[in-house]
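> Based on what follows, work out the 3D shape:
(chains A, B, C and D)
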Protein chains: 2
Amino acid sequence: MLSIDTIIGRPIYTQLYWQIRQKIMSGEWIVNAKLPSSRQLANDLQISRNTVEQAYQQLCAEGYLYSKSRQGYYVGKLEGPFINQNACNTSSTVNNNISCSNEKDQYRYDFRYGKLDYKYVPSKIWKKLMIQCFEEEVDKNVSYGEPQGEIGLREQIMKYVEEYRGVKCQPEQIVIGAGTLHCLGLLCNILRQFTSTVAFEDPGYGKTRAVLHNAGFQVCPISVESDGINVQELANSEALAVYVTPSHQFPTGAIMSISKRLQLLEWAVRKQAIIIEDDYSCHLRYNVRPIPALQGISPMANVVYFGNFSKPLLPSLRIAFMILPPSLLNVYKTLYRTYNTSVPYLYQRTLERFMEEGYWNRHLRRVLQVYKKKHECLMQSLKEQFCDLIAIHGNNAGLFITIKVNSHLFETDLIQRAAGYGVRVYPVSEHWQRIYKYDRKTVLLGYSSLDLEEIKQAVRLLRKAWFD
Amino acid sequence: MLSIDTIIGRPIYTQLYWQIRQKIMSGEWIVNAKLPSSRQLANDLQISRNTVEQAYQQLCAEGYLYSKSRQGYYVGKLEGPFINQNACNTSSTVNNNISCSNEKDQYRYDFRYGKLDYKYVPSKIWKKLMIQCFEEEVDKNVSYGEPQGEIGLREQIMKYVEEYRGVKCQPEQIVIGAGTLHCLGLLCNILRQFTSTVAFEDPGYGKTRAVLHNAGFQVCPISVESDGINVQELANSEALAVYVTPSHQFPTGAIMSISKRLQLLEWAVRKQAIIIEDDYSCHLRYNVRPIPALQGISPMANVVYFGNFSKPLLPSLRIAFMILPPSLLNVYKTLYRTYNTSVPYLYQRTLERFMEEGYWNRHLRRVLQVYKKKHECLMQSLKEQFCDLIAIHGNNAGLFITIKVNSHLFETDLIQRAAGYGVRVYPVSEHWQRIYKYDRKTVLLGYSSLDLEEIKQAVRLLRKAWFD
DNA sequence: GGGTATTTGTCCGTATGTATG
DNA sequence: TCATACATACGGACAAATACC
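Sure, this is the predicted structure:
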């Protein structure tokens, strides 16, 4: 930034001269870079154009600049070792690229969780709708929009969750935000009014636990059994709020049984506690019947329901929503009356039409088929290769499974050996709060971004890595 | 949501029959609504198609449904007063629409702050770039993206703030988020580690104060003078962090003098305190010289710099950024290592190219001209109509001014009388923390969304409203 | 605007358990 | 004990309607 000082006595054009010269010598302005036009700069600094001209002329005369007639002034090429090329600007980019390409080179098969198969992103339809929506309403774009999210989208969401998950609500209860974690961030300030301790599944999704922890809450770990969280342990704790993933627990894959659901709801009603229900991958169920969401089972309990569009549609969209129980609505409104939404209007409107015109339902059915096939393929490959050398968990839903490997190898060994064969598998230790309860032999495999052949190949390599 | 229970003995098709019947009778499914196809429902519930068929057939036979061959099943029209039409689903929509249209009807001229003039939104270029970037996004199979924001955009921002505001930083220090308030929300968890009290301009931007308050901070009001915040008062307080708007204080419009800036920085260094500098409308300066941002003046002080693209470009974009001082970088990384970004990749990439290809600089110059004209027009109209009946504040920058009206009327009177003439002006009382210090005769006028003629007309009406 | 892939109601047959004679 | 009829649940084939390119 160029600036001038009228208080000290030095002439303005010399101040300019020296500042520009310094920028060229230090390498901040590189050869052939275009300078601001004399008119522009004069206007920016609120000085006369001639003053700028004076400085530019002197720099030209000394070779720091050259001018193309009627085009502009440019930084000249200086001979000799004057220039202190500072390369730090580009270093970060370089580093980043290197680490990226390294990762890609190192792993031929990446069982990453949270990456989708881009072949099944409905990009053409999305693009078509997005362009149409872009033309549509200028007025909505120039203002900040509704804080909770556009009413039309919220109505679509209401219909969808009622039909699909049995969740009953009014649009007023829905809050749209840039991702589940962002919505949870908003909820934290509401929870703060009621409690300072939040119970959390252990093991549980590490990223979510981090949000609660960062917001200043005491996070109280509760064991997870094969049919969901241990309600007895929860009841014995001091927590007045709990985060659960009933439809597909992360990372154990447990589906909470209906009787557990009722127990949990009973606890919430009795203690006047808040249940945070993250239905993050309710769409992906394989060969099991749907169980209605907690929110729909008991209207009396304070359930905050979380859903998202990133997982099944496009992670880079950044759209999720939460549904607040009526009892928290007043607090929400008091706190967030003045907040702006965190999701661009265009995306909200596009998604609204995507849902309205039935593309959303169709898309869900389609990806269910796709991932079901991948899931089956993975399961069969694992059985063929490993027989009973491994135990598979969470094999009825979602985009990942965990496997416990019966051998002398521990988590880090398993990961490193797999990496040696070009296969990337992921640790579960980071999702444990009471790490001593972890068996140290379980790893996580997300299969969403690999195709069928890749899955088969990768499993063969895992067999070699771990048992040969 | 339809669901079945295999534990109780009742046949599946009768369970379905009764559930569907109930939904029709209650009015939840209205006449001619399409039911899910037999295949879909069968797949969802993990039962046979024919079982669904059986239920559908029976409902057809009894007139609850009718079928269009090879198209689908639809809810039939029932005679008589069976149906309990509950209209509550639509009530919210209706209410909302009514209040919206009311507002539009009631005000012919709206001095709303924070709404832009749609005529000067570079929508064609933005659309072109966005479509190009969309192809790219799909090709690259972008997942969640970089947590701090895409590196390319951060590099563009680095260049821009250096050139435009004298802010010096590395891309690692930049965090991109969905709006200033969202970025501030992230910063709150960092501040929490150091202090529980944050000093805040009084009067100051109410929305920002709310974020700090909601995050659990004690907000300590500090008076604002004609050249910015009262540093002495700040030094006497217990606060170890302060939020300021040096380039154009909201709502007084004060520009912080260079000597105040140095005092403030000196305080921060001495107390090891954190300055939050919101440079929210640095681009809009009329006839005054730019002063470098606090961040650029003293590299030793802990200044967190906030900038945004919503204000000058498009509010619905939801893109802002903050620049952390190196001293806070470690805390940031510890807390937010696992967070996802809150801004869609497409928007980040589009903005990056918008900046890279020079459209951003061109746009800034253009809107500066536009709003400068509006500003001059408003000032002249006010002088013509009111002469010295009013005092104007903050008339050198930004998209709003405040006026103090010398009469017996108070804030609410001024707003109501203006509304009576179809002109909407805004209160400043909500921006005061120590409300008793407010003179109760000042109102706020944002002129960005009105054109020159509308401004003149509106001011004439204000004169009538307040002095006739 | 016409060709293609997908969706959908419809009709077909089959398997199993239970009640009946 | 065996044959029969019935209720329930499941899966495949076909042609019309629809969506997509």
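> what about residue A:337, neighbour count?
The number of residues packed near residue A:337 is 10, by other C-beta atoms under 10 Å in any protein chain shown. In this view, the C-beta of every residue, glycine as well, is placed from N, C-alpha and C.
> actually residue A:128, sorry about that
13.
> Tell me the secondary structure at it.
Following DSSP: H, G, I helix; E, B strand; the rest coil, the label given to residue A:128 is helix.
> and if you look at residue A:267?
Quick answer, by three-state DSSP: residue A:267 is helix.
> Am I right that it is in contact with residue A:234?
Yes: under the criterion of C-beta atoms under 8 Å, residue A:267 makes contact with residue A:234 at 6.4 Å.
> of those two, who's got more company?
The neighbour count for residue A:267 versus residue A:234, taken as other C-beta under 10 Å, is higher for residue A:234 (22 against 17).
> which phi and psi does that one have?
Main-chain torsions, residue A:234, degrees, to the nearest 10: phi -60, psi -40.
> pLDDT wise, what is it at?
On the pLDDT scale, residue A:234 is placed at 98.
> and what of the one 3 residues further on?
At residue A:237 the predicted local confidence, pLDDT, stands at 95.
> wait, doesn't it sit right on residue A:199?
Yes: Residue A:237 is within contact range of residue A:199, at 5.7 Å (criterion: C-beta under 8 Å).
> Tell me which of the two has more neighbours.
The residue with more neighbours, out of residue A:237 and residue A:199, is residue A:199; 28 against 13, by other C-beta under 10 Å.
> in what helix or strand does the more buried one lie?
strand A:197-202 (DSSP states H and E).
> can you pull the alpha-carbon coordinates of that strand into PDB?
Below are the C-alpha coordinates for strand A:197-202, written out as PDB (Å, rounded to 0.1, in the frame of the first residue of the first chain):
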ATOM      1  CA  THR A 197     -21.400 -30.500  30.300                       C
ATOM      2  CA  VAL A 198     -22.300 -32.500  27.200                       C
ATOM      3  CA  ALA A 199     -22.300 -36.300  27.000                       C
ATOM      4  CA  PHE A 200     -20.700 -37.700  23.900                       C
ATOM      5  CA  GLU A 201     -20.400 -41.100  22.400                       C
ATOM      6  CA  ASP A 202     -17.100 -42.800  23.100                       C
END
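> Determine the set of other helices and strands touching that strand.
helix A:206-214, strand A:218-225, strand A:241-244 (3 or more C-beta pairs under 8 Å, 6 or more residues apart in numbering or on different chains; DSSP states H and E).
> For DNA strand D, find the nearest of these.
Closest to DNA strand D of the helices and strands packed on strand A:197-202 is strand A:218-225 (C-beta to the nearest atom of the strand; 28.1 Å).
> How many residues are close by residue A:275?
The number of residues near residue A:275, taken as other C-beta under 10 Å, comes to 25.
> Is it bridged to anything, and to what?
residue A:242, residue A:303 (DSSP bridges).
> Okay, residue A:412 and DNA strand D: tell me how far apart.
43 Å (C-beta to the nearest atom of the strand, to the nearest Å).
> so where does that residue fall, helix or strand?
Per DSSP H and E, residue A:412 falls inside helix A:411-420.
> CA atoms only for that helix, dumped as PDB, please.
Output of helix A:411-420 as PDB, limited to C-alpha atoms (Å, rounded to 0.1, in the frame of the first residue of the first chain):
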ATOM      1  CA  GLU A 411      -3.200 -49.700  14.600                       C
ATOM      2  CA  THR A 412      -0.100 -47.900  13.500                       C
ATOM      3  CA  ASP A 413       1.400 -51.100  12.100                       C
ATOM      4  CA  LEU A 414      -1.700 -51.900  10.200                       C
ATOM      5  CA  ILE A 415      -1.700 -48.400   8.700                       C
ATOM      6  CA  GLN A 416       2.000 -48.400   7.900                       C
ATOM      7  CA  ARG A 417       2.000 -51.800   6.300                       C
ATOM      8  CA  ALA A 418      -1.000 -51.000   4.200                       C
ATOM      9  CA  ALA A 419       0.700 -47.800   3.100                       C
ATOM     10  CA  GLY A 420       3.700 -49.900   2.100                       C
END
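> The very next helix or strand once past that helix - what's its average pLDDT?
Downstream of helix A:411-420, the first helix or strand assigned by DSSP H and E is strand A:423-424. For strand A:423-424, mean pLDDT rounds to 96.
> So which other helices or strands are in contact with strand A:423-424?
Short answer (3+ C-beta pairs under 8 Å, 6+ apart): strand A:423-424 packs on strand A:109-110, helix A:452-467.
> List just the one of the ones you listed that sits closest to DNA strand D.
helix A:452-467 (20.0 Å).
> Would you agree residue A:350 is in contact with residue A:126?
Yes: look at residue A:350 against residue A:126 with C-beta under 8 Å: they come within range, at 6.8 Å.
> more neighbours, those two?
residue A:350 (25 against 21).
> Other residues contacting the helix or strand harbouring the more buried one?
Applying DSSP H and E as the criterion places residue A:350 in helix A:345-356. Residues outside helix A:345-356 that contact it (C-beta atoms under 8 Å, 6 or more residues apart in numbering or on different chains): A:125-126, A:129-130, A:132-134, A:136-137, A:140-141, A:145, A:149-150, A:152-153, A:156-157, A:160, A:176, A:309, A:317-319, A:341, A:360-361, B:316, B:344.
> thinking again about what came up before, quick check: buried residues in the helix holding residue A:412?
By neighbour count on 16 or more other C-beta atoms under 10 Å in any protein chain shown, the buried set for helix A:411-420 is A:411, A:413, A:414, A:415, A:417, A:418.
> What ranges in chain A fall below the confidence cut-off?
Chain A contains residues with pLDDT under 70 at A:9, A:79-105, A:137.
> same thing but at 80, please
Regions of chain A meeting the criterion pLDDT under 80 cover residues A:1-11, A:26-29, A:44-46, A:49, A:61-63, A:68-71, A:77-106, A:136-142, A:395.
> In it, which residue sits closest to DNA strand D?
For chain A, C-beta to the nearest atom of the strand, closest residue to DNA strand D: residue A:124, 4.8 Å.
> How about the closest residue to chain B within the stretch 351-468 of chain A, nearest residue that isn't a chain neighbour?
Chain B sits closest to residue A:365 of the stretch 351-468 of chain A, with a gap of 6.9 Å, by C-beta to the nearest C-beta. Spatial nearest neighbour of residue A:365, excluding adjacent residues (C-beta to C-beta, 6 or more residues apart in numbering or on different chains): residue B:40 at 6.9 Å.
> Which helix or strand contains the one you found?
helix B:38-45.
> rewinding a little: now, which of the contacts of helix A:345-356 lie within helices?
Applying DSSP state H to these, the entries found in helices are A:125-126, A:129-130, A:132-134, A:136, A:140-141, A:152-153, A:156-157, A:160, A:360-361.
> For the stretch 301-450 of chain A, list the residues in contact with chain B, please.
Within the stretch 301-450 of chain A, the positions lying close to chain B (C-beta under 8 Å from any C-beta of the partner chain) are A:310, A:315-318, A:335-347, A:365, A:449.
> All set, thanks.
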